[in-house]
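Visitor: sequence plus predicted model, see below.
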Amino acid sequence: MSEKLTNEMREQLIEAAKQARQWAYAPYSHYQVGAAVLTVSGRLYDGINIENAAYPATICAERVAIYKAVSEGERQFLALAVVTDNGGTPCGICRQALAEFGLETIILVADGTGEIKLETSLADLLPLAFRADKLDKIEKV
Ligand code: THU
């Protein structure tokens, strides 16, 4: 458990992810996912999974949450919570998407009741991450 995250923040994140989950658009898998991310600046963004009849066009709740944040100028994430029926962990693509913005992000995984099943970090979820330092051009706009 990270000391950077207070219990109040944990509750805030889980509650936001739980509430958002009701809007999940998952007519194909019926697996509803809610996520919420807390920025270092203290803002909270939620997200849901949004499926598509062309299955690969589906986007996960975690990416919706962080892309909403990034599109508003936020790039530093203290913690992200994900809520599913059975405590599913973020998929590989979402781990990679999050890694772009730092490996220190705390990840909370909760079940449908909001009970935290796992608290870890992105660094632990995505060891040996591929990041911008491996590219020739590392300048970020
Ligand atoms: N899903 C997420 O939203 N996040 C994950 O980390 C795992 C999978 C969604 C995608 C799809 O809509 C459904 O869950 C089943 O894979």
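Guide: That came through, no problem. These figures come from a predicted structure and were not determined experimentally.

Visitor: can we go C-alpha only for contacts and neighbour counts from here?
Guide: Fine.

Visitor: so is the longest helix seen in the chain next to the ligand?
Guide: If you go by DSSP state H, the chain has its longest helix at helix 7-21. No: Helix 7-21 does not reach the ligand (C-alpha under 6 Å from any ligand atom); its nearest approach is 9.7 Å.

Visitor: which neighbouring elements make contact with that helix?
Guide: Applying 3 or more C-alpha pairs under 8 Å, 6 or more residues apart in numbering; DSSP states H and E, we find helix 7-21 packed against strand 34-39, strand 44-48, strand 77-83, strand 106-110.

Visitor: report pLDDT for Tyr31.
Guide: Tyr31 carries a pLDDT value of 98.

Visitor: now do the SS call for it.
Guide: Three-state call for Tyr31 (DSSP: H, G, I helix; E, B strand; the rest coil): coil.

Visitor: number of nearby residues for it?
Guide: If you count neighbours by other C-alpha atoms under 10 Å, Tyr31 ends up with 13.

Visitor: show the contacting residues for it.
Guide: Thr84, Asp85 (C-alpha atoms under 8 Å, 6 or more residues apart in numbering).

Visitor: get me the contact residues on the chain for the ligand.
Guide: So the chain meets the ligand at 26, 29, 31, 33, 49-51, 60-62, 89-91 (C-alpha under 6 Å from any ligand atom).

Visitor: turn these into TSV, columns for distance to Arg131.
Guide: Listed next are those as TSV, based on distance: C-alpha to C-alpha, whole Å:
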residue	distance to Arg131
Ala26	31
Ser29	31
Tyr31	30
Val33	26
Asn49	25
Ile50	26
Glu51	28
Cys60	21
Ala61	22
Glu62	19
Thr89	21
Pro90	18
Cys91	17
